[in-house]
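J.: I would like the atomic coordinates for the input below:
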Amino acid sequence: MGGPTPAAIAPPVSGGMGGPNAGPLLCAQKQPPIKATREIRAVALTEPKPGVYVYKLAENIAGWVRFRTSGPAGHRITLRFNETLAPDGTLSNHLSSHTHGRYQTGELILAGNGEEVYEPRFTYHGFQYVQVEGLTRKPALSDLVGVAVHTALEPAAEFACSHEWLNALHRMCRRTYLNNLHSIPTDCPQREKMGWLADGAVASDMAMWAFDAATFYTKWTEDLRDAAAPNGSMPAFVPTCGWGEEGQPGHNFADAWWGGATVLVPWNLYRHYGDTRLLREHYPAMRRYVDYLGTRAQEHLLTTDLGDWLAIDMPPKEVTATLGYCYFARLVARTAAVLGNTADAERYDRLAEAIRDAFNARYFDAEAGRYRFDMQSALAMALYFGLPPDGHAAAVQRQLVASIEEKGRGQVSTGIVGTEFLLKALQAAGRDDVAYRLVTAHGYPGWFHMLASGSTTVWEAWHAEGLSQNHPALACVDAWLTQVLAGIRLDPETPGFRKVILRPYLAEGLTWVRGSHRALTGEIASYWRRDGRRLTWEITLPANTSATVYVPAPSAAAVTESGRPASQAEGVRFLRQEAGAAVFAVGAGRYRFVVR
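T.: Numbers count the residues shown, from 1 in each chain. Just a heads-up that it's a prediction; the model follows:
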């Protein structure tokens, strides 16, 4: 087929019994196996054309089917799989242009021995509809069952609330993520099945909130490290047989944010699990990637190819790329500090400041106190990454809110890269109210639009035309549900949930929210409910964990814990009063705060 051989592509694996120059070594699988985890019933069976039968499953899945039929020996039955139907009710060719040859097709040649079962286990498809042709008799609805298949991560969180649309969104996000988990995080289960790096990176934070994902992403960071070129550059997807690497076809996809997975994913693992060993192993690759971006930048400004992919209001690509370059430099500096490498920490901090200065010189209007661009994703990333000039962060926050509420009419317009950081920037700015309106907005574009369209999985873009309807990037909103509505937040200064911030947003119209996250220290749980003017909030903290608790109350005097004034309760220490919240420090245990 041409191109480099696998041996030429794979870099040597360091360490292990083979030594630093021994080449790739086989090793035990570190992540959970791929399993058939659930069966999904068929809910409809139609015959849009004579002899052409179409099954509809209850949800869009990744996996295969179990189909029972019978017929004479040698008879051939064809099954085709896809997400959508054509206007005439037959299976559409949606996404088949990305493939060569037959697309998501299976064939069964009967043995003629009575009832036979078709259930291939050597492939998987992404589908909600199955078209069956060649039958000798009319099938029954019960003849076909869908089987969901994915890497079997254990759940690590729960979420439920009084808003049924939010509950449906939560289920849709978790389902979509698992549909795209088959030993690597994929972009979609029906066409490419590839480990596109930005897609996997922006979903990784949500995944670490929702699932026990430490071993899975530890393995993927090793894949990332193996795929890095000696100069630090990364292909746009991992694993790769060479396509997309620098100097190879498809390298135009190698945007800063796609290669940036080699910085983001190890950092997310450290934040969630406190694993300094993995940071230490991966730090050289993180540093080389930022150095590589420096070779492509001109006066600290960077232009790469994809930008905030599929954003409705896409910023200039050089804006998105330079924001990423600055953020990755800051993360490398923070990683160096964690590892005790003071010289590198100072070096990459200086680099990040130089990028910030160059970015602001180009794009910030100091006289107007605002950026010269007005797109949600660019403003959110600039805020979250700390780029506004000193003293101007509040003005940029106002610019972002105006971009959402006035220019965007309260609807989201970010793409695959920017959506995660839009929610995080609003959270950091204390504008959970704005984020809540974005998340719960009806109509296009938005998550509720997907739900209202009947979708059971998250789409690749806010519109579904010609693109995947089973894509994990925009499912990043699920982490926001746990962090903001349930109020379980990582302390930014302490990894691994040894310290937690508990601060729920009591959105208007919500009467209760229940959420939990199982960290390495144990389960952290939050359950609040409102009954008229009375608020009851029950929290649980595991051993070796402490928390700063923001109780929504006008004063500490309005708060009791287990029936006593909270400031006098055992294990509770009053810290301060902030706007709308009494702030307490608590240790491990169970607490029941009541505000009247």
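J.: which ones are touching the closest residue to His442 other than its chain neighbours?
T.: Counting by Cβ to Cβ, 6 or more residues apart in numbering, His442 lies nearest to Phe448, which is 5.0 Å off, once chain neighbours are set aside. Just so you know, the C-beta spots here come from the backbone N, C-alpha and C atoms, and that holds for glycine as well. When contacts are counted by Cβ atoms under 8 Å, 6 or more residues apart in numbering, Phe448 touches Trp165, Leu169, Thr440, Ala441, His442.
J.: tell me which helix or strand comes right after whichever helix or strand Phe448 is part of.
T.: Element membership for Phe448, per DSSP states H and E: helix 447-452. Next helix or strand after helix 447-452 toward the C-terminus (DSSP H and E): helix 477-480.
J.: could you report the neighbour count for Pro87?
T.: Neighbour count of Pro87, defined by other Cβ atoms under 10 Å: 6.
J.: check for me that Phe127 belongs to a helix.
T.: No: applying DSSP: H, G, I helix; E, B strand; the rest coil, one finds Phe127 to be strand, outside a helix.
J.: give me the pLDDT for the residue nearest to His442.
T.: Phe448 is assigned a pLDDT of 98 by the prediction.
J.: before we move on, what about Pro24?
T.: Here the pLDDT value assigned to Pro24 is 63.
J.: show me the strands in the stretch 251-400 of the chain, by range?
T.: For the stretch 251-400 of the chain, the strands defined by DSSP state E, counting those that start in this stretch cover 364-365, 370-371.
J.: what strands flank the last one, and is each parallel or antiparallel?
T.: In other words, strand 370-371. strand 364-365 (antiparallel) (DSSP bridges).
J.: what is the mean pLDDT for the strand it pairs with?
T.: Confidence for strand 364-365, expressed as mean pLDDT, is 98.
J.: count the neighbours of Tyr327 for me.
T.: Neighbour count for Tyr327, taken as other Cβ under 10 Å: 25.
J.: which parts of the stretch 401-550 of the chain are strands?
T.: Secondary structure of the stretch 401-550 of the chain by DSSP E, counting those that start in this stretch: the strands cover 488-490, 499-502, 512-519, 522-531, 534-541, 546-552.
J.: return the set of buried residues in the longest one.
T.: For strand 522-531, burial by neighbour count (16 or more other Cβ atoms under 10 Å) applies to Gly522, Ile524, Ala525, Ser526, Tyr527, Trp528, Arg530.
J.: partner strands of that strand and their direction?
T.: Its sheet considered, strand 522-531 pairs with strand 512-519 (antiparallel), strand 534-541 (antiparallel) by DSSP bridges.
J.: rebuild the ones you listed as a markdown table, extending it with mean pLDDT, distance to Thr176 and mean neighbour count.
T.: Converted to a markdown table, the strands paired with strand 522-531 look like this (pLDDT from 0 to 100; distance: least, Cβ to Cβ, whole Å; neighbours: other Cβ atoms under 10 Å):
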| stretch | mean pLDDT | distance to Thr176 | mean neighbour count |
| --- | --- | --- | --- |
| strand 512-519 | 98 | 19 | 21 |
| strand 534-541 | 98 | 29 | 19 |
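J.: off-centre distance for stretch 153-167?
T.: Relative to its parent chain, stretch 153-167 has a centroid offset of 15 Å by Cα atoms, centre = their mean, to the nearest Å.
J.: same thing with stretch 429-437?
T.: The answer for stretch 429-437 is 20 Å, by Cα atoms, centre = their mean.
J.: pLDDT on it, on average?
T.: Averaged across stretch 429-437, the pLDDT comes to 97.
J.: show me the contact partners of that stretch.
T.: With Cβ under 8 Å, 6+ apart as the test, stretch 429-437 has contacts from 383, 397, 400-401, 404-405, 410, 422-423, 426-427, 480, 484-485, 505, 507.
J.: could you do stretch 336-346 as well?
T.: Tyr270, Thr276, Leu279, Arg280, Tyr283, Arg287, Val332, Ala333, Arg334, Arg347, Tyr348.
J.: for that stretch, list every residue counted as buried.
T.: Ala336, Val338, Asn341, Asp344, Ala345.
J.: out of the residues you listed, which comes closest to Gln128?
T.: Of all those, Val338 has the smallest distance to Gln128: 44.4 Å, by Cβ to Cβ.
J.: separation between that closest one and Tyr270?
T.: According to Cβ to Cβ, to the nearest Å, Val338 and Tyr270 sit 7 Å apart.
J.: also Arg225?
T.: Arg225 sits 15 Å away from Tyr270, going by Cβ to Cβ.
J.: how about Arg174?
T.: When distance is defined by Cβ to Cβ, Arg174 is 24 Å away from Tyr270.
J.: any idea which of the strands paired with strand 522-531 gets closest to Phe159?
T.: strand 512-519 (4.8 Å).
J.: tell me the secondary structure for the nearest residue to Lys56 once chain neighbours are set aside?
T.: Nearest residue to Lys56 in three dimensions, chain neighbours excluded: Ala44, at 4.1 Å (Cβ to Cβ, 6+ apart). When classified by three-state DSSP, Ala44 comes out as strand.
J.: how deep is Ala44 tucked in, by neighbour count?
T.: Applying other Cβ under 10 Å, we find 11 residues neighbouring Ala44.
J.: right, and it touches Tyr55 too?
T.: Yes: using Cβ atoms under 8 Å, Ala44 is in contact with Tyr55, at 7.2 Å.
J.: who touches both of the two?
T.: Listed as contacting both Ala44 and Tyr55 by Cβ under 8 Å, 6+ apart are Leu141.
J.: turn the strands of the stretch 251-400 of the chain into CSV, columns for distance to Leu306 and mean neighbour count.
T.: Output for the strands of the stretch 251-400 of the chain, formatted as CSV (distance: least, Cβ to Cβ, whole Å; neighbours: other Cβ atoms under 10 Å):
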stretch, distance to Leu306, mean neighbour count
strand 364-365, 24, 16
strand 370-371, 21, 22
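J.: could these be laid out in CSV, adding distance to Ala140?
T.: Below are the strands of the stretch 251-400 of the chain laid out as CSV (distance: least, Cβ to Cβ, whole Å):
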stretch, distance to Ala140
strand 364-365, 66
strand 370-371, 61
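J.: compare these and give me the one nearest Leu26.
T.: Of all the strands of the stretch 251-400 of the chain, it is strand 370-371 that lies closest to Leu26, at 50.9 Å by Cβ to Cβ.
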